[in-house]
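**Student:** Show me the folded form of this:
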Amino acid sequence: MKFRPLHDRVVIKRIDAEAKSAGGIIIPDTAKEKPQEGEVVAVGGGARDAQGTIQKLDVAIGDRVLFGKWSGNEVRLDGVDYLVMKESDVIGVCA
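**Tutor:** Numbers count the residues shown, from 1 in each chain. Model prediction:
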C-alpha cells in the first residue's frame, strides 16, 4: 500500500466477524453488522503537543484494535476497504 497517514491518524483494515453465532446459527450477510475490530496497517508520525514536540503513537503496525461503530472515514485503496481514523478513536489494543 502506498499511503502514509499524517500526524496522529491510523489506517485500519476491518477483520471480518464470524458467520456463525455462539449457538451455531448461521448469520446471513444482510443481518451482519460491520465489525468493530481491525488490524492497523499504517500509522502517522505522531501528533504535536503545545511545545511542538512530536508525541509518538501508542499503536503500531500489526496491532489488533477495537474501535467505535461510527469511527473513522472509509476509503478504498487498490480495491481494498480501509478505515482512516485518529488514534484517539481507537478504544484499545487486543492482547
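
**Student:** Any idea which residue is closest to the centre of this protein?
**Tutor:** For the chain, Ile12 is the residue whose C-alpha lies nearest the centre (Cα atoms, centre = their mean; 3.1 Å).

**Student:** Not counting sequence-adjacent ones, nearest residue to it?
**Tutor:** In space, and not counting its chain neighbours, Ile12 is closest to Gly38: 4.0 Å by Cβ to Cβ, 6 or more residues apart in numbering. Heads up, the C-betas are built off the backbone N, CA and C, glycines and all.

**Student:** swap in Leu77?
**Tutor:** Phe3 (5.6 Å).

**Student:** cool, Gly72 as well?
**Tutor:** Nearest non-adjacent residue to Gly72, counting by Cβ to Cβ, 6+ apart: Met85, 3.2 Å away.

**Student:** is the residue nearest to Ile12 in a bridge, and if so with what?
**Tutor:** Arg14, Val65 (DSSP bridges).

**Student:** Paired strands for the helix or strand bottoming out on mean pLDDT in the chain, with orientation please.
**Tutor:** Using mean pLDDT, DSSP states H and E, the weakest-scoring helix or strand in the chain turns out to be strand 47-48, at a mean of 86. The pairing partners recorded for strand 47-48 under DSSP bridges are strand 54-55 (antiparallel).

**Student:** from the chain's centre, how far out does the strand it pairs with sit?
**Tutor:** Distance of strand 54-55 from the chain centroid (Cα atoms, centre = their mean, to the nearest Å) equals 20 Å.

**Student:** Which residue ranges of this protein form strands?
**Tutor:** 9-14, 37-43, 47-48, 54-55, 64-67, 73-77, 80-86, 90-93 (DSSP state E).

**Student:** who's in contact with the fourth one?
**Tutor:** What that stands for is strand 54-55. Residues outside strand 54-55 that contact it (Cβ atoms under 8 Å, 6 or more residues apart in numbering) are 8, 45-49.

**Student:** Just to check, the residue nearest to Gly72 is in contact with Arg9?
**Tutor:** Yes: using Cβ atoms under 8 Å, Met85 makes contact with Arg9 at a distance of 6.7 Å.
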